[in-house]
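**Student:** Kindly generate the corresponding structure for this input.
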Amino acid sequence: MTSYFECFSIFFRARYKPSTVSTLRMSDSSVNVESRTSSQDKRWTIMAALLGTNTAVMLFQGIEQESNPKLVREVALTVIAATIPFQGIYFLIYTFLLEHNGNLTEDMLNRLNFASALCQVVAYLSLGGLIALWYSMSHMVGIAFTVSAITSMILVRTSMMQTEKTEDH
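**Tutor:** Numbering: from 1, shown residues only. Coordinates of the predicted model:
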């Protein structure tokens, strides 16, 4: 069976010949990655990690659910599945804001920022599904994951607030 990386590598080589890769340039209208603030990068990274984790959990625990059904796992996977679209919408909003930086009205910017924040909150609810999965495997693992998840969220949010305060000055 061919791995995902091998498939991507074959596709990339077939689509982009080495001579054309070096001539590809970003257009003037493309997104400037360096213009993002560090707090935006942190949020994006957290959401990307959460989406990747949730997708992997859905795949592997979904396979396990088929062979060994459990109600707790079913509920946990349902919670995780319900949050994944919000994670995708977060990335769409984030990209839209980057591409239209400076071209949006204040009202539109506020609405998109609110929608983005709402998507983040719903995405964090997926941690409840992960906690339920870990508890169903082992109470010790569930407790350890719960404590570390809460602690890490507090640390990240605290550091982001400090970064935003220093950026304002």
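**Student:** what about the chain, any weak spots by pLDDT?
**Tutor:** 1-41, 162-169 (pLDDT under 70).
**Student:** at 80 what do you get?
**Tutor:** 1-44, 102, 156-157, 159-169 (pLDDT under 80).
**Student:** those helices in it, which residues are they?
**Tutor:** Per DSSP state H, the chain carries helices over the ranges 4-15, 18-21, 38-67, 71-99, 106-124, 126-137, 139-168.
**Student:** Can you tell me which of the ones you listed is packed in deepest?
**Tutor:** helix 126-137 (a mean of 19; mean count of other CB atoms under 10 Å). Just so you know, the C-beta spots here come from the backbone N, C-alpha and C atoms, and that holds for glycine as well.
**Student:** chain center to that helix: distance?
**Tutor:** 18 Å (CA atoms, centre = their mean, to the nearest Å).
**Student:** do stretch 76-96 as well
**Tutor:** With CA atoms, centre = their mean, you get 8 Å for stretch 76-96.
**Student:** ok, residues contacting it?
**Tutor:** 31, 40, 43-44, 47-48, 50-51, 54-55, 57-58, 61-62, 65, 112, 115-116, 118-120, 122-123, 125-126, 128-130, 132-133, 136 (CB atoms under 8 Å, 6 or more residues apart in numbering).
**Student:** what about 7 Å?
**Tutor:** With contacts defined as CB atoms under 7 Å, 6 or more residues apart in numbering, stretch 76-96 is touched by 44, 47, 50-51, 54, 57-58, 61-62, 65, 112, 115-116, 119-120, 122-123, 125-126, 128-129, 132-133.
**Student:** How about the contacts made by residue 142?
**Tutor:** 131, 134-135.
**Student:** measure it to residue 133 for me?
**Tutor:** Going from residue 142 to residue 133 by CB to CB, to the nearest Å gives 8 Å.
**Student:** Show me which of the contacts of residue 142 is closest to residue 156.
**Tutor:** In terms of CB to CB, no member of the contacts of residue 142 lies closer to residue 156 than residue 131, at 17.3 Å.
**Student:** Show the contacting residues for that closest one.
**Tutor:** 142, 145-146.
**Student:** For the residues you listed, give me a markdown table that also has distance to residue 84.
**Tutor:** Shown next, in a markdown table, are those (distance: CB to CB, whole Å):
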| residue | distance to residue 84 |
| --- | --- |
| 142 | 22 |
| 145 | 19 |
| 146 | 21 |
